[in-house]
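# Requesting a structural model of the entry that follows:
(one chain, ligands or ions: 1)
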Amino acid sequence: MSEIAKLTLGNETYELPVTTGSENEKAIEIGKLRGESSYITLDKGFKNTGACKSAITFLDGEKGILRYRGYPIEQLAEQASFLEVAYLLINGELPSKHEFETFESKITGHTLVHEDMRAFFEAYPRNAHPMGILASMVCSLSTFYPESQDPNRAPKAVELTIHRLLAKIPTLAAWAFKHSHSHPFVYPVNKLNYCENFLHMMFKMPTEDYEIDPVVVDSLNKLLILHADHEQNCSASTVRIVGSSQANLYASISAGVSALWGPLHGGANQAVIEMLTRIEEDGGDLEKYIAKAKDKNDPFRLMGFGHRVYKNFDPRAKIIKVSCDEILNKLGVNDPTLEIAKKLEEHALKDEYFVERGLYPNVDFYSGIIYRAIGIPTEMFTVMFALGRLPGWIAQWKEMVENGEPIGRPRQIYVGPNKRDYVALDKR
Ligand code: ACO
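Presented below is the predicted three-dimensional model:
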């Protein structure tokens, strides 16, 4: 017999259906509550509200589990390529060898961006944040492909838009970086794989050869996989909600890029390095910064600590911490920031404040140190996150469209003034 939740409000009892997920997650469906009573539910920040049923990513915050389409993140990060994971997230299954080769060659066929878009870059100030440029450029793609305007169009057209996004965003991201350094843009080279191509466009200079280091390629591949999806987070929810108005996929992804930018979300990777550098420059007094983070009158927070869902550990952070040591060793990089990060983690994890609140390092705590070691400048960190998260956003958008989800439109409890009469300007 299916489970029913009973809610009593005054003299009325309402029966609400309970939905169970494939990992035995339970939800009380409150959709009909509004029709049968005058009540809505209120849950600021959607802390305990499910917005959809999804078959893409499963995570258990208490046990520190993260799986894409059922596959443990540990296995994917160790063994898969980022494009394989992108295929998995978007299509639901791992590709066969033939399917993968077809997918890869379709993406490779779209890595160039329209030459007219070069002019857009010229107009941005050199010190413009690359996330601002990326969000605008992704939205601008929609103007070059007007057939992308209708999200209900033929599956082939949707597929083409998906390939274009996966192919062109690395080019746009690398060009945003080149622009900020006043360096000439580097065009994609299609014999290179996805990660190699991105590194080539970032670091090749016309004056010298650029040899792609396989250690750097591997670490980039792993970081992109670890960031590829994270179910209904702030940016994925943004993509779904913007897409639910039937805005096109480029516009929806552009909104996701903007949502990711904030320091409480993807912008944390930049904020972590800025925080660690500040601590280092200030003499490395960790206790001082831990005390600041605990002080409710001080806006300072330990960036890279805490997570809405993980209250035990973030499995991505565990993988990244190990990789960080390995990669720095392999590259022969000695970064004092890593030592500060490790000591800060050690201090915080012994502190009652952090233990009580279940505050652990999240995915962003160590990722910036790896990005820095492979030559990515700090202001590009969140762009790297966006590159990784792109397949997740696409998968979330596609699922939302295919499930025929209604437009996202929350309710509110109005707490403003009651009705009052207008008074003319000269009488106020
Ligand atoms: N430093 C100090 N205190 C913290 C921190 C932190 N990093 N994070 C949470 N807390 C405290 C809060 O002050 C609050 O304390 P209280 O109960 O005494 O009021 C308690 O822990 C719960 O925190 P909330 O902010 O209510 O938790 P929420 O789920 O809303 O926020 C978030 C999660 C935004 C990630 C938060 O932990 C944070 O700001 N972390 C730092 C930024 C960061 O690293 N963001 C990246 C997240 S991962 C990602 O998006 C990819």
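# ok, residue 194 - contacts?
Neighbouring residues of residue 194 by C-beta atoms under 8 Å, 6 or more residues apart in numbering: 81-83, 104, 107, 170. The way it works is simple: take the backbone N, C-alpha and C, and place the C-beta from them, glycine included.
# Quick check: buried residues in the lengthiest helix in the chain?
In the chain, assigned by DSSP state H, the helix with the most residues is helix 155-180. Buried residues in helix 155-180, defined by neighbour count with 16 or more other C-beta atoms under 10 Å: 158, 160-180.
# next SSE after it?
helix 194-203 (DSSP states H and E).
# could you point out where this protein is predicted with low confidence?
Within the chain, the stretches with pLDDT under 70 are 1, 151-153.
# What residue in it comes nearest to the ligand?
residue 306 (2.3 Å; C-beta to the nearest ligand atom).
# Any idea how many residues pack against that residue?
20 (other C-beta atoms under 10 Å).
# list the contacts for it?
Neighbours of residue 306 in contact, by C-beta under 8 Å, 6+ apart: 357, 359-360, 362.
# what's the answer for residue 105, then?
No contacts exist for residue 105 under C-beta under 8 Å, 6+ apart.
# Can you give me the buried ones in the helix or strand encompassing it?
Per DSSP H and E: residue 105 is located in helix 97-108. The neighbour-count check on helix 97-108 (16+ other C-beta under 10 Å) flags 103-104, 106-108 as buried.
# State the next helix or strand along the chain beyond it.
Next along the chain after helix 97-108, with elements defined by DSSP H and E, is helix 117-123.
# Quick check: phi and psi at the spatially closest residue to residue 18 that is not a sequence neighbour.
Spatial nearest neighbour of residue 18, chain neighbours left out: residue 3 (3.9 Å); criterion: C-beta to C-beta, 6 or more residues apart in numbering. Taking degrees, to the nearest 10, you get phi -70, psi 140 for the backbone angles of residue 3.
# on that earlier part again, next, give me the two most distant ones among the contacts of residue 194.
Taking C-beta to C-beta as the measure, the contacts of residue 194 span a maximum distance of 14.3 Å, between 81 and 170.
# Around the ligand, which positions in this protein sit nearby?
By C-beta under 6 Å from any ligand atom, the part of the chain that sits against the ligand consists of 45, 264-266, 268, 293, 301-308, 357, 359, 362-364.
# In helices, which of the residues you listed appear?
268, 293, 364.
# Top of these by number of neighbours, please.
Counting by other C-beta under 10 Å, top hit in those: residue 364 with 29 neighbours.
# still on that earlier bit, show me which of the contacts of residue 306 is closest to residue 240.
Once C-beta to C-beta is applied, the member of the contacts of residue 306 that ends up nearest residue 240 is residue 362, at 21.9 Å.
# any idea how far residue 310 is from that closest one?
7 Å (C-beta to C-beta, to the nearest Å).
# now swap in residue 363 and tell me
Counting by C-beta to C-beta, the gap from residue 363 to residue 310 is 9 Å.
# what's the answer for residue 398, then?
26 Å.
# between the two, who's got more neighbours?
residue 310 (25 against 22).
# related to what we said a few turns ago, run through the residues that contact the residue nearest to residue 18.
17-18, 20, 26.
# can you dump the C-alpha coordinates of the helix holding residue 105 into PDB?
C-alpha atoms of helix 97-108 as PDB (Å, rounded to 0.1, in the frame of the first residue of the first chain):
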ATOM      1  CA  LYS A  97      33.200   3.000 -28.300                       C
ATOM      2  CA  HIS A  98      31.400   3.800 -31.500                       C
ATOM      3  CA  GLU A  99      28.900   6.200 -29.800                       C
ATOM      4  CA  PHE A 100      31.700   7.900 -28.000                       C
ATOM      5  CA  GLU A 101      33.700   8.400 -31.200                       C
ATOM      6  CA  THR A 102      30.700   9.800 -33.000                       C
ATOM      7  CA  PHE A 103      29.900  12.200 -30.000                       C
ATOM      8  CA  GLU A 104      33.500  13.300 -29.800                       C
ATOM      9  CA  SER A 105      33.800  14.000 -33.500                       C
ATOM     10  CA  LYS A 106      30.500  16.000 -33.500                       C
ATOM     11  CA  ILE A 107      31.800  18.200 -30.700                       C
ATOM     12  CA  THR A 108      35.200  18.600 -32.400                       C
END
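# and that helix with helix 155-180, angle?
50 degrees (axes from the mean of the first three to the mean of the last three C-alpha atoms, to 10 degrees).
# Please state the offset of helix 97-108 from the chain centre?
Relative to the chain's own centre, helix 97-108 is displaced by 24 Å; criterion: C-alpha atoms, centre = their mean, to the nearest Å.
# Name the nearest residue to residue 66, ignoring sequence neighbours.
Distances taken as C-beta to C-beta, 6+ apart place residue 73 nearest to residue 66, at 4.3 Å, with adjacent residues excluded.
# no wait, residue 317
residue 361 (4.6 Å).
# I'd say that neighbour and residue 310 touch.
No: under the criterion of C-beta atoms under 8 Å, residue 361 is not in contact with residue 310, lying 9.8 Å apart.
# Quick one: the strands in the protein, in order.
For the chain, the strands defined by DSSP state E cover 4-9, 12-20, 26-28, 57-60, 65-68, 71-72.
# on contacts alone, who are the packing partners of the first one?
Okay, so that is strand 4-9. On a contact count with 3 or more C-beta pairs under 8 Å, 6 or more residues apart in numbering; DSSP states H and E, strand 4-9 meets strand 12-20.
# run the last query once more with 10 Å
Applying 3 or more C-beta pairs under 10 Å, 6 or more residues apart in numbering; DSSP states H and E, one finds that strand 4-9 contacts strand 12-20, strand 26-28.
# try the fifth one
Using 3+ C-beta pairs under 10 Å, 6+ apart as the contact criterion, the elements in contact with strand 65-68 are strand 57-60, helix 73-79, helix 82-91, helix 315-331, helix 381-402.
# which of the helices and strands packed on strand 4-9 sits most buried?
Highest mean neighbour count among these (mean count of other C-beta atoms under 10 Å): strand 26-28, with a mean of 14.
# neighbouring contacts of that strand?
3-5, 7, 16-21, 41, 48-50, 53 (C-beta atoms under 10 Å, 6 or more residues apart in numbering).
# doesn't residue 60 make contact with the residue nearest to residue 66?
No: Residue 73 is beyond contact range of residue 60, at 11.9 Å (criterion: C-beta atoms under 10 Å).
# Looking at the two, which is more packed in?
Taking neighbours as other C-beta under 10 Å, residue 73 and residue 60 compare with residue 73 leading, 23 against 15.
# Please tell me how far the spatially closest residue to residue 104 that is not a sequence neighbour sits from residue 116.
Nearest residue to residue 104, sequence neighbours excluded (C-beta to C-beta, 6+ apart): residue 83, at 5.8 Å. In this view, residue 83 and residue 116 are 28 Å apart by C-beta to C-beta.
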